[in-house]
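Peer 1: Coordinates for the following, if possible.
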Amino acid sequence: MNFTFFPGRDSRYVLRLYLKVAFIGLDHALTKPAEDIKDRKERTLARLDAIPGLLKQAIDNIGSVPETYYKAALAMIGDCKKYLGEAGSEFKHDGFGNFEKALQNVLSSLIAFERFLSSIFLLFLIDDLLLHHLRPA
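Peer 2: Residues are numbered from 1 along each chain as shown. The predicted structure follows:
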C-alpha cells in the first residue's frame, strides 16, 4: 500500500494524517457492525497488519518536521499507544484470541516512527540554528 496524500505539498501538513488513517481505520474495524465475530476479527487483523506498512510509507514520504507538528505528532503517538493497550484488553475480553503479535508489530512501528520523527526534528533544529542563529554578522 503506497500513500502520498498530497503530492508536492509540504509533509508537515500531512504528518498526523498517517496516524489518523491508521488508527481511525483500526477503530472502525473494531467498532463497525459485522455479521459475526469472525468477520470483525478478520478485518481488525487486516487493519493491524496494514499499519506498519503505512507508517513505513510515512517515513519514506516525510522530509522535515517543524516543532509544532512534531509536538502534535508525539502527542498523537502517545494516544495511539494508549489506544493499542485499550484495544488489546478489548481483544482479550471479546474473544479475539491471540492478536499479540499484530499488536506488538504495530507498537514497534509506532516506536520506529517516533524515533524517525525525533531524528528529523533534530535535523530541523540544527538547520534552523545554522541558518538563523550562527550566521556571521
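Peer 1: And Gly78, how close does it get to Ile120?
Peer 2: For Gly78, the distance to Ile120 (CB to CB, to the nearest Å) stands at 18 Å. (C-beta placed from N, C-alpha, C; glycine too.)
Peer 1: what about the two, which has more around it?
Peer 2: When Gly78 and Ile120 are compared for neighbours, Ile120 comes out ahead with 17 against 12, by other CB atoms under 10 Å.
Peer 1: who does the longest helix belonging to the chain touch, helix- and strand-wise?
Peer 2: Across the chain, the longest stretch assigned as helix under DSSP state H is helix 100-128. When contacts are defined as 3 or more CB pairs under 8 Å, 6 or more residues apart in numbering; DSSP states H and E, helix 100-128 sits against helix 37-61, helix 67-93.
Peer 1: Return the list of helices and strands in contact with the last one.
Peer 2: Spelled out, that is helix 67-93. helix 15-31, helix 100-128.
Peer 1: what's the answer for the first one, then?
Peer 2: Counting contacts by 3+ CB pairs under 8 Å, 6+ apart, helix 37-61 is packed against helix 15-31, helix 100-128.
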